[in-house]
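> I would like to see how this sequence folds:
(2 chains)
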Amino acid sequence: MEANINSRAERSRRAAWAIVRTNRSGTSPLATALLHALLILGAIVMVGPFIWMVLSSLKTFSQVFLIPPKWIPDPWEWGNYKRSWEALPFGRAYFNSFYIAFISVACKLITCSMAAYAFAKIRFPLRGPLFILFLATMMVPGQVTIIPLYLMMKSIGWLDTHLALMVPAALLDAFGVFLLRQFIKGIPDELEEAAIVDGAGRFTIYSRIIIPLIKPALAALAIFTFLGMWNSFFGPLIFLNTPDKFTVPLLLNLFRGMYITDWTLMMAGSAIAVVPVLIVYMIGQRYIIEGVTLTGIKG
Amino acid sequence: MNKRLTDSLWGYAFILPQMIGLIVFALIPLVSAFVLSFMKWDGFGAKEFIGLDNFVGQFRNPDFTLALWNTAWYTFLVVPVGIVLAMLVAVALNKVRGKVIYRLFYYMPVVTSSIAVSIVWLWLLNSEFGIINVYLKQWFDIEGPDWLTDRKMVIPSIAMLSIWWGLGSNMVLFLAGLQGISSSYYEAAQIDGASKFRQFWHITLPLLSPTTFFCTIMSIIGSFQVFDQSFVMTGGGPAKASYTIVYHVYQLAFVEFTFGKSAAAAVILFFIILTLTLIQMYTSKRWVHYGG
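The predicted structure follows:
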């Protein structure tokens, strides 16, 4: 017995000493320093390519092939950007990407929240099976439906129009419905019942009570889908033909097709496509990451 | 009774827009794809019913089997490495200060488009002038491989850049999962004298398993649909070494105009993904711990 008490006391003493000697989370200073070193190395690997892209885009053509490589351009060739901008309609592509994503997301938020509210809070026949149908479609990869969609759009004359991209996005997002339904389910029924007693109709409940309460989820879904639409490539590749109608990724691909051997130009073009997005990202990163994480956890 | 009726009507009214979307843009195309996969059609003439010929034909088609192999190999490289790295980074970030700053950097590639990423890496991986090979030679005196022009290196190269690109995505999910683990577990373990490694193995890993499960499923589904990188960087080459299933679907439909074959290939892809997902869900019972 005595030995037991002694060793327990001994262990507690050692544990207390260990805690005092290390930092709050219990890791030794050496381990923490090592972790930081590794994390910094990793961060350099993550961001390095972008830095290299921007720096390369400001070099003259001959400088790009220097060995050992020069990181800092000398001279600073801003002309690459002027040439890129004049080569292809990047401004137009930005406008296209933006308004396609914006309108689709705005409509999507409305249609998804409406459906989510119904699935979460209104009782109607076949509610269960219909919801399962929605879930089931999430399992189908886009490439299965894209060919019939292409043929469908061709037959109604929507090929090479932005409608082919916006309308499906606005009217169908099973994931969005699923996500918002999860959130709406969390709203107590009492709120609705009180509103009904006060004479509110279904639509008023939806617009005045439900929507305000799920704003974080709506914002998260908006960010997530906006980003997805902005960067999407396969859909625009299939549906769009005229360069003037291209979205940014599609235009960048065309750019690559035309100028691949001119690396400084390619880097400038990529920078034009990427840097504004990165700036928005750096400003709003908290909201963007938290929004995306929210959709991931609940989904 | 009246309430029942009005409720039902409201219910249908609210789901109407998404239902229209579901029927028009999901169900009809899905059924169409299946029907089309049994047909021979070039987009212009009449459709000819040929039963399972397209499916058999695909499995006999060396392009398809190569695409299948490439895609599977790619997935095999990307998923385990990507998930393990993401988890390790998340665990490390959780232990040190400056989490928000590190997160900013690690997540950055995720928000950029696949095309831009592919073009930048096309330059980085250039056999002669890309900085990777240049520094390998300069610092370690190693002759760097032909990353994108060697048939054996192409898929690993694309896998490498995909891991780089997607790390942040999985990392933030793991970070969220880690938040959900109560610190009292670790405190109790620490008092009992458990080493950091044991804490990770017996507390972190099991309690993180739902997140790991989700990330794995999503990662596998996504990896099987890889297309953009091969399309932009190598055009499926060299000699179709980076030719993937989706590339094949695209090629059959929009380059060779054999829509029936393309639909069949897409349907096969669907069943592969479905089967893999079901297998994972079935085996998950053995290693995924919910709760806690």
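> could I get the pLDDT score of residue A:139?
If you check residue A:139, the pLDDT there is 84.
> quick check on it: phi, psi?
Main-chain dihedrals, residue A:139, degrees, to the nearest 10: phi -80, psi -20.
> go on, residue B:39?
Torsion angles, degrees, to the nearest 10, at residue B:39: phi -110, psi 160.
> number of residues surrounding it?
Close neighbours of residue B:39, defined as other CB atoms under 10 Å in any protein chain shown, add up to 19. To be clear about C-beta, it is placed using only N, CA and C from the backbone, and glycine gets the same treatment.
> what's opposite it in the beta bridge?
Applying DSSP bridges to residue B:39 gives these bridge partners: residue B:49.
> so it touches residue B:51, yeah?
No. With contact defined as CB atoms under 8 Å, residue B:39 does not reach residue B:51; the gap is 9.5 Å.
> now residue A:276. Nearest residue, chain neighbours left out?
Excluding the flanking residues, the one nearest residue A:276 by CB to CB, 6 or more residues apart in numbering or on different chains is residue A:94, at 7.6 Å.
> separation between that neighbour and chain B?
Separation of residue A:94 from chain B (CB to the nearest CB, to the nearest Å): 12 Å.
> can you count the residues close to that residue?
Residue A:94 has 17 nearby residues by other CB under 10 Å.
> tell me the centre residue of chain B?
Nearest to the geometric centre of chain B sits residue B:222, at 2.1 Å (CA atoms, centre = their mean).
> can you pull the pLDDT of residue A:21?
54.
> same check on residue A:17?
62.
> so what's the residue nearest to the centre of chain B up against?
The neighbours of residue B:222, taking CB atoms under 8 Å, 6 or more residues apart in numbering or on different chains as the test, are residue B:166.
> any low-confidence regions in chain B?
Confidence mapping of chain B against pLDDT under 70 gives the ranges B:1, B:291-292.
> residue B:232 and residue A:250 touch, don't they?
No. The criterion here is CB under 8 Å, and residue B:232 misses it with residue A:250 at 10.9 Å.
> anything in contact with each of those two?
Residues touching both residue B:232 and residue A:250 (CB under 8 Å, 6+ apart) are residue B:115.
> I'd say residue B:81 and residue B:166 touch.
No. Counting by CB under 8 Å, residue B:81 does not reach residue B:166; the two are 10.7 Å apart.
> residue contacts, the nearest residue to residue B:26 once chain neighbours are set aside?
Spatial nearest neighbour of residue B:26, excluding adjacent residues (CB to CB, 6+ apart): residue A:137 at 4.5 Å. Applying CB under 8 Å, 6+ apart to residue A:137 gives the contacts A:172, A:174, B:22, B:26-27, B:30.
> same question, residue A:43
Residue A:43 neighbours (CB under 8 Å, 6+ apart): B:102, B:105-106.
> on that earlier part again, quick check on residue B:81 and residue B:166: which one has the bigger neighbour count.
Set residue B:81 next to residue B:166 and count neighbours by other CB under 10 Å: residue B:166 wins out with 23 against 15.
> quick one: secondary structure of residue A:199?
coil (DSSP: H, G, I helix; E, B strand; the rest coil).
> need the strands for the stretch 51-200 of chain A, in chain order.
Counting by DSSP state E, counting those that start in this stretch, no segments of the stretch 51-200 of chain A form strands.
> tell me which stretches of it form helices.
Along the stretch 51-200 of chain A, counting by DSSP state H, counting those that start in this stretch, helices occupy A:79-87, A:90-121, A:127-138, A:142-155, A:163-171, A:174-185, A:189-197.
> quick check, the fifth one touching chain B?
Spelled out, that is helix A:163-171. Yes. Helix A:163-171 lies within reach of chain B by CB under 8 Å from any CB of the partner chain, at A:167-168, A:170-171.
> got a list of contacts for stretch A:190-205?
So stretch A:190-205 is contacted by A:121-122, A:208-209, A:213, B:6-7, B:10, B:14 (CB under 8 Å, 6+ apart).
> who wins on neighbours among those?
Neighbour counts for the contacts of stretch A:190-205, by other CB under 10 Å, peak at residue B:14, which reaches 24 neighbours.
> indicate whether the particular helix or strand that has that one in it makes contact with chain A.
Residue B:14 belongs to helix B:2-22 when elements are defined using DSSP states H and E. Yes. Judged by CB under 8 Å from any CB, helix B:2-22 comes into contact with chain A through B:4, B:6-8, B:10-12, B:14-15, B:17-22.
> widest-spaced pair of the residues you listed?
The span of the residues of helix B:2-22 next to chain A, defined through CB to CB, is set by B:4 and B:21 at 26.8 Å.
> pick out whichever of those two has more residues nearby.
Counted by other CB under 10 Å, residue B:4 and residue B:21 do not tie: residue B:21 has more neighbours, with 26 against 11.
> I'd assumed residue A:111 was in contact with the more buried one.
Yes. Using CB under 8 Å, residue B:21 is in contact with residue A:111, at 7.1 Å.
> overlap in contacts, the two.
Common contacts of residue B:21 and residue A:111 (CB under 8 Å, 6+ apart): A:170-171, A:173.
> now render the residues you listed as CSV, adding pLDDT, distance to residue A:155 and neighbour count.
Listed next are the shared contacts of residue B:21 and residue A:111 as CSV, based on pLDDT from 0 to 100; distance: CB to CB, whole Å; neighbours: other CB atoms under 10 Å in any protein chain shown:
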residue, pLDDT, distance to residue A:155, neighbour count
A:170, 94, 20, 22
A:171, 95, 18, 23
A:173, 94, 24, 26
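> nearest to chain B, of the residues you listed?
residue A:171 (2.9 Å; CB to the nearest CB).
> enumerate every residue touching residue 221.
Since you didn't name a chain, this refers to chain A. Neighbours of residue A:221 in contact, by CB under 8 Å, 6+ apart: A:108-109, A:112, A:176, A:179-180, A:291, A:295.
> if you could check chain B rather than the one you did, that'd help
Counting by CB under 8 Å, 6+ apart, residue B:221 has contacts A:141, B:273, B:276-277.
> how is chain A carved up into domains?
A:1-51, A:83-298 (automatic domain parsing).
> deepest of those domains, which one?
domain A:83-298 (a mean of 19; mean count of other CB atoms under 10 Å in any protein chain shown).
> so the nearest residue to residue B:36 once chain neighbours are set aside is in which element?
Of all residues not flanking residue B:36 in the chain, residue B:263 sits nearest, at 4.0 Å (CB to CB, 6+ apart). Here residue B:263 is covered by helix B:259-287, with elements defined by DSSP H and E.
> residue ranges with poor pLDDT in chain A?
Using pLDDT under 70, chain A drops low at A:1-6, A:14-27, A:298-299.
> now the residues of helix A:163-171 next to chain B as a markdown table including distance to residue B:212?
Below are the residues of helix A:163-171 next to chain B laid out as a markdown table (distance: CB to CB, whole Å):
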| residue | distance to residue B:212 |
| --- | --- |
| A:167 | 37 |
| A:168 | 32 |
| A:170 | 34 |
| A:171 | 34 |
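> now for those, which pair is the farthest apart?
Spatial extent of these (CB to CB) is set by the pair A:168 and A:170 at 7.4 Å.
> mind listing what residue B:70 touches?
Going by CB under 8 Å, 6+ apart, the list of residues near residue B:70 reads B:155, B:240-244.
> in the lengthiest helix in chain B, what's buried?
For chain B, the helix that runs over the most residues, judged by DSSP state H, is helix B:62-95. Buried residues in helix B:62-95, counted by 16 or more other CB atoms under 10 Å in any protein chain shown: B:63-64, B:66-68, B:70-72, B:74-75, B:77-79, B:82-83, B:85-87, B:89-93, B:95.
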